[in-house]
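Q: One predicted model, sequence on top.
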Amino acid sequence: MEVKDSKLNWTLNVLARVVVGLVFIFSSFVKGVDPMGTSFKITEYLTAWSFFGMSFEWLVPLATFMSMALITAEFTVGVMLLFGAFRRLSAWLLVLMMLFFTATTLIDAITNKVTDCGCFGDAIKLTNWQTFWKNIALDVPTVWIFLTRNLRRKLRFERDVLIVLFAMVAMVLFGLYNINNEPCIDFRSWKVGNQMIDMDGDAQVKSYVTYVNKETGEKDEFLSEELVKRMEDPAWEEKWEWESSRVEDPHEIKADGFSMLDMDMNDHAKELIGMEDYLLIATIHHLDKMGEEGVKAIESTSAWAEENGVQMVLLTSALSEEVQSFMDEKGLDNLDFYFADATAIETMARSNPGFLLLKGGKVMGKWHHRHADEIQDYKLSD
């Protein structure tokens, strides 16, 4: 299909490229901030999906490489669209990527095997259907970009090569930096400065209920105490129907499903996270994948904690026998250890191991094991 070269069509082409390009750049940037998070999401897809009985788990060791490749490709195409570099090539790449994204998110929305595609990392959470319809919305300008790829096309080979190379190198360096450090921008619940548990002892647990008006469909949420008063009206139950309820506990840890279990499966999360004094948590999401550098970081940090009267604990997803053997071998018998789901630990810190310092339920600091020596420079307050 040939599109007439007119001012209107060219203007629409530019607008479409700017819109889609900016979306691609934003999407790749928030994933580039945390390539390990995207790697974990790819691993989730590879283990959850199969095609005609064929599993993709054999690709799991390549998840980090696939993460960087996806992020770099998405960023590069976004930059190419925005600056009009290699317009025919960028149009073809865009169509192929959007076909892949749209098909993947449709299957995801139907099967719900992976509950969050991670298309905007941890910055923006979308449901599977929201993600699919977002892709459908992007498909419209994508088609126009493809149909008008030859309009007013100029050969600017050297300029376009420089743009592409700059985009690729910039994102690779940015991604590698965030892989070898904790993400430079933290979109997760365990962000430094976040209050993970309310320390106000007078705060009360609140119960909320939501009712729907049978005639208008209007929804109304209110405290359960108010419900008692409303139900004194005989006509209340004829007009309103219960939909849902929720409990707001100010003393719950502000991280869904988080726990710190001992060997008897007792949860100590609230008492530990809510400590008035300092607590240093060494997070190990995969004990079998921890290198010697990580082990040395735990050893040196443990010595510092003991010298300064800071309570330090290990939080891991490994089996108790493996943890006990590790601690005996490394002379870390002075530390208590607790168990949590690997995903919950990965949410706390991407590094394996990572370190979190808390006081009064607040995250005071977070460190990659490569920078564990910086913990010893932290100024402890009374």
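A: Here it is on my side, so go on. Numbering: from 1, shown residues only.
Q: So the protein: which segments form each domain?
A: Following automatic domain parsing, the chain resolves into domains at 7-179, 206-248, 269-377.
Q: Can I get the ones you listed in JSON lines including mean neighbour count, distance to Ala255 and mean pLDDT?
A: The way it works is simple: take the backbone N, C-alpha and C, and place the C-beta from them, glycine included. As requested, the domains of the chain are exported to JSON lines (neighbours: other C-beta atoms under 10 Å; distance: least, C-beta to C-beta, whole Å; pLDDT from 0 to 100):
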{"stretch": "domain 7-179", "mean neighbour count": "18", "distance to Ala255": "12", "mean pLDDT": "92"}
{"stretch": "domain 206-248", "mean neighbour count": "12", "distance to Ala255": "15", "mean pLDDT": "78"}
{"stretch": "domain 269-377", "mean neighbour count": "18", "distance to Ala255": "7", "mean pLDDT": "91"}
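Q: Which of these sits closest to Ser189?
A: domain 269-377 (6.9 Å; C-beta to C-beta).
Q: Do me a favour and get the end-to-end distance for that closest one?
A: 27 Å (C-alpha to C-alpha, to the nearest Å).
Q: Thr210 reaches Trp240, doesn't it?
A: No - under the contact definition of C-beta atoms under 8 Å, Thr210 does not touch Trp240, with a separation of 10.1 Å.
Q: so what sits against both of the two?
A: Counting by C-beta atoms under 8 Å, 6 or more residues apart in numbering, the residues touching both Thr210 and Trp240 are Asp220.
Q: Of all the domains of the chain, which one comes closest to Gly257?
A: domain 269-377 (6.4 Å).
Q: on that earlier part again, between the domains of the chain, which one is nearest to Ile197?
A: Of all the domains of the chain, domain 269-377 comes closest under C-beta to C-beta, at 3.8 Å.
Q: sorry, back to before: pipe the domains of the chain into a markdown table and attach distance to Lys254 per row.
A: Converted to a markdown table, the domains of the chain look like this (distance: least, C-beta to C-beta, whole Å):
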| stretch | distance to Lys254 |
| --- | --- |
| domain 7-179 | 14 |
| domain 206-248 | 11 |
| domain 269-377 | 9 |
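Q: For Met199, find the nearest of those domains.
A: Among the domains of the chain, domain 269-377 comes nearest to Met199, with 5.2 Å by C-beta to C-beta.
Q: quick one: the closest one to chain centroid distance?
A: Relative to its chain's centre, domain 269-377 lies at 21 Å (C-alpha atoms, centre = their mean, to the nearest Å).
Q: same question, stretch 139-157
A: Stretch 139-157 has its C-alpha centroid displaced from the chain centroid by 33 Å (C-alpha atoms, centre = their mean).
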